[in-house]
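Colleague: Let's see this in three dimensions:
(2 chains)
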Amino acid sequence: MLKNSNQIRSGHAFKNHRQERQMLVSRTIIAFSFVFLLMLSLLARGWYLQVIKHEDYQTRSNNNRISVQRVAPNRGLIYDRNGVLLAENRSVYALEIIPEQVHDMEQQLLDIEQLGLIEEKHIERFKQRLRGVRRFKSVLLKSRLTEQEVAIFSANGHRLKGARVEARLVRYYPFGGQVVHAIGSVRRINDVDLQRIDQINYRATRHIGKVGLEKHYESILHGKIGSRTVETDVQGRVIGEPITETPPVPGKNIRLSIDIDLQLAAAKAIEDFRGSVIAVDPRNGEVLALVSNPGYDPNDFVTGISTENYAKLTESNDQPLFNRALRGLYSPGSTIKPMIAWVGLQNNFITPKSTIHDPGFWVIPNKEERIYRDWAPRGHGEKVAVSLAITQSCNPFFYDLAYQMGIDVISENMFDFGFGQSTGIDMDEELVGIMPSRDWKKRNRRTDWFPGETVLTGIGQGYWNATPLQLANAIATIGSGGARYQLSLLKAIEEQAGWIEKEPELAPRQVDFGDKKNLQVVQTAMERVTQRRWNGTAKTAFDGAPYSSAGKTGTVQLRKTEEDEDGNVKKSSGKLNDNAVYVGYAPSDVPEIAISVVTENGGHGGESAAPVARKVLDAYFAKNKR
Amino acid sequence: MAFLDSDISDRRGRSFASRFHIDLPLLAGLFVLVGYGLLILYSASGEDMSQLKKQFVRLTVAFGAMFFFAWIPPRIYKKWTPFIFAGGIMLLFAVILFGQMGKGAQRWLNFGFFQFQPSEIMKLAVPMMVAWYFSERTLPPNLRELLIAIIIIGLPTYLILIQPDLGTSILIASSGVFVIFLAGIRWRIIFSFITLAVIYAPIHWIFVMQPYQKQRVITFLDPEQDKLGSGYHIIQSQIAIGSGGLHGKGWLQGTQSQLEFLPERNTDFIFAVLGEEFGFFGVMLLLAIYLWIVGRGFVISLNAQETYTRLLAGAITLTFFVYVFVNIGMVTGVLPVVGLPLPLVSYGGTSMVTLMASFGILMGIQTHKKLLPG
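Modeller: Predicted structure coming up:
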């Protein structure tokens, strides 16, 4: 060894390639031998663990499973403004089976069937679910067991190895369809949801806010997942206390501005129509009631709705799933006349004393090819001033006023009242509708604006459409004569320190009412709408009301008429009747509540929509005595 | 005519491998390994196709890197070796000065549009530099040359160790040490170093090691003592492997893995999933594939024409083996837990590209040969 190395050292001056190569070869072979030996040692380790100690580990794997269980947080509760529960969490029981632990599945299912717990359809669906599922994971047999069924299972469960009843907290909406469009609902998490959520935080969660408020405030309501390490036996049953535990952080409770009594009264008032009722507080934008009729029972969706029932909902002509309050786009019709009138007065196009002659129709000056009609065939007389034009809803007055103002003045000012813009409501599905303008028409229709279209805009028809929420918001602004607020349903969030109230938020565009002289003209005219003395259009509906109120009716002709092949109008069905609209506020001196009512195909605004509004206002003042 | 035909087809056959500079036996071994790996990953990820797709994309990029490096003749990077090494060292200093923190360690350099770990470069640059240094000198190296080699290895190892990234620094140090070993360092010196190391170990334990590193060693020595804490990984992975038995519980049927008893089952601990679901035979197959790849690497090293390529090929091969051995050793409980993935099987890992690039270099060494006289 020593001699050898001396030899190499003596050859330091020049490279001995042959010797060097030999040395490298021998080192490589030594290295490979090492590698081979170490590989063998790994294999030996594998043999030791998997063959010699196999039974040991097999038992440990079976008997002493330490597992990390995820614990879903309890979803935050939703209260109405007075603390009545609108959305809570209830225990539901589900019967599940771990296939691996069942010796004879057919027999087992038969046994359970004989106990009266399941039917043939459950077995069928269970067998479908069974395919492609790992055998040691539990598979759902039947959801929503009744208390009695749980009792039957507890008495017989010991004979049914592998079957177990799981209790889970599930969202429950006690008021069902009457409140559904005001708060939305949760539904089962699906693949689409998985793409957008924090998958770790939702690992134990089965439902997610899918519609409305439940969706909008998902991050507040959901909470944070917890976990616990437990020892489980071969059946997957937990042995003893959790070894370590991180409790979940429950979602925060929230309180809404909704008053459930008013909400129920509104739902009742409009039950005969397709349509919507909105009640807001003009002083802060709080939504007191939000009804879209018909509704549907959200509880059906929470535990999974059958295809059959779902088809019934989607195919119904009444479209119960459609939230008219948020997404129904209606021509506002005459209900915008107070706003138009105020703009005309404020910008000196008219004075309270200016009058027009209304023979029952109106034509564009010097251009008589098209006649714009009043709803009253003989008109409203020789001298119609703005006040009468509002109280009795005189169209020619507003044709003329709109024609004078031009579309630019109208749309700029109507934007300030919130038309064509979000109301700020805390639901994501809201549509903003159309406040037509020269610019809008260029972008969307690629043509210029025609003067005739301005005339129609003056009575809230033509391209103009708005949601019931926008109508309520606009009339609340007229009523309060002050700031316009963003509409909101959330009133307070329960933090650790207690309830934190949400501050009212101003809308981005505001109306400047100036010295309010002009506003008072409009307000007075609106008050007369509800009064018999002034022959207002809503006089019948508000006969004998114990409170003062102001309003405006609207009737929107639906131009679509069904024609047969010869062009004759067929007998018009209910769907083709006019839409009726009513907007108003009360008490008229210091308004506390503003309201919008839309009844689809309800006919005249004064006859169908105004009575609904009356009932809702009655309910409000019966509760909030002045 | 027939003779001509066969001649052409023969040339075509040769030209495929030689045009792309591919070593077919090595490529075959890598393909089998990757295929087997994806099969295990599908189960370990909880049948998550999106993870599989991402892994597939990474593998494609890594194989691209392999083809690219195979195409570069070894003499080119031999010429550039000192510059690559110097650049790598500068980047390591840059990490210390401007690096990004991630998971409690400062390893990343952020270039705005992309991030990377300079330590990845050093995995190749260190064995290259040591091989380059020795290739110009008479072997075996004398003490002075040995000292210089140790400095070449020690500086980057230290810079990575303080990031801190124990796993990578072990890999880099060993890749350099392998070159020294292959260069024929005398056994006397090897044994002296081992003796020194044994004496130094307690000093290192007391003065140098971080508490979390100490914890790993304690846990390794007695996992049962901390059953739910840091011993949890080791116990659970051994239960998984042991309960697999000879034949395994079947693909997707591993109760330990699938019921989430096993932590990090798709990354560092994926071997336990294999052991549980495919049993001893599955483990044997995996080791056989690795042995094939390592064996081919040694053959390439033996066939290499120059000292530089011979040393480099041997070091690359041995480093790859260290990956395998350290990972499987830690999962089966014969080595302490060091954060190293199971190469080409574990999910993710920035190291995959570097690893495949090194296989590309191996292929290049095999395929870019001058015809020597005789």
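
Colleague: For A:I197, see how far away the residue of the stretch 101-250 of chain B at minimum distance from chain A is.
Modeller: Shortest the stretch 101-250 of chain B-to-chain A distance, computed as C-beta to the nearest C-beta: residue-wise this is B:G242, at 2.7 Å. For the C-beta atoms, the positions are set from N, CA and C on the backbone; glycine is no exception. In this structure, B:G242 and A:I197 are separated by 37 Å, where distance is defined by C-beta to C-beta, to the nearest Å.

Colleague: what about these two, which has more around it?
Modeller: With other C-beta atoms under 10 Å in any protein chain shown as the criterion, B:G242 and A:I197 differ in neighbour count, and B:G242 comes out ahead with 29 against 15.

Colleague: Tell me the helix or strand right after the helix or strand harbouring that one.
Modeller: Taking DSSP states H and E as the criterion, B:G242 maps to helix B:231-244. Stepping forward along the backbone from helix B:231-244, the first helix or strand reached (DSSP H and E) is helix B:255-258.

Colleague: for chain A, which spans come out with low pLDDT?
Modeller: Counting by pLDDT under 70, the ranges of chain A that qualify are A:1-16, A:63-67, A:132-137, A:232-237, A:239, A:368, A:558-576, A:626.

Colleague: How about the residue in chain A that chain B sits nearest to: what's its closest non-neighbour residue?
Modeller: Taking C-beta to the nearest C-beta as the measure, chain A has A:Y57 as its residue closest to chain B, at 2.7 Å. Ranked by C-beta to C-beta, 6 or more residues apart in numbering or on different chains and with sequence neighbours excluded, the top spatial neighbour of A:Y57 is B:G242, at 2.7 Å.

Colleague: do the same with A:G333
Modeller: In this structure, A:G333 finds its nearest non-sequential neighbour in A:G554, 3.3 Å apart by C-beta to C-beta, 6+ apart.

Colleague: residue contacts, that neighbour?
Modeller: A:332-336, A:393, A:460, A:580-583, A:605, A:609 (C-beta atoms under 8 Å, 6 or more residues apart in numbering or on different chains).

Colleague: can the residues you listed go into TSV with extra columns for secondary structure?
Modeller: Shown next, in TSV, are these (DSSP: H, G, I helix; E, B strand; the rest coil):
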residue	secondary structure
A:P332	coil
A:G333	helix
A:S334	helix
A:T335	helix
A:I336	helix
A:S393	coil
A:G460	coil
A:A580	strand
A:V581	strand
A:Y582	strand
A:V583	strand
A:G605	helix
A:A609	helix
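
Colleague: Just confirm A:E382 contacts A:I356, I think it does.
Modeller: No. In this structure, A:E382 is not within contact of A:I356 by C-beta atoms under 8 Å, at 9.2 Å.

Colleague: Give me the longest strand you can find in chain A.
Modeller: With residue count as the measure and DSSP state E as the assignment, chain A has strand A:85-97 as its longest strand.

Colleague: Give me the helices and strands touching it, please.
Modeller: Strand A:85-97 sits against strand A:78-79, strand A:139-145, helix A:147-156, strand A:163-172, with contacts defined as 3 or more C-beta pairs under 8 Å, 6 or more residues apart in numbering or on different chains; DSSP states H and E.

Colleague: Return the angle between stretch directions for the strand or helix carrying A:L24 and helix B:231-244.
Modeller: Under DSSP H and E, the secondary-structure element containing A:L24 is helix A:17-47. Direction vectors for helix A:17-47 and helix B:231-244, defined by axes from the mean of the first three to the mean of the last three C-alpha atoms, to 10 degrees, enclose an angle of 80 degrees.

Colleague: Tell me the residues of the stretch 151-300 of chain B that contact chain A?
Modeller: Counting by C-beta under 8 Å from any C-beta of the partner chain, the positions of the stretch 151-300 of chain B adjacent to chain A are B:178, B:181-184, B:186, B:227-228, B:232, B:236, B:238-246, B:252-253, B:255-256, B:258-261, B:275, B:279-280, B:283-284, B:287, B:290-291, B:294-295, B:298.

Colleague: Selecting buried members of those in PyMOL, what would you type?
Modeller: If you want just the buried ones from these in PyMOL, going by 16 or more other C-beta atoms under 10 Å in any protein chain shown, the selection is:
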select buried, chain B and resi 178+181+182+183+184+186+232+236+238+239+240+241+242+243+244+245+252+253+255+256+258+259+261+275+279+280+283+287+290+291+294+295+298
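
Colleague: Give me the helices and strands touching the helix or strand hosting the residue of chain A closest to chain B, please.
Modeller: For A:Y57, the enclosing helix or strand under DSSP H and E is helix A:54-63. Helix A:54-63 is packed against helix B:231-244, with contacts defined by 3+ C-beta pairs under 8 Å, 6+ apart.

Colleague: Just say helix, strand or coil for A:W362.
Modeller: strand.
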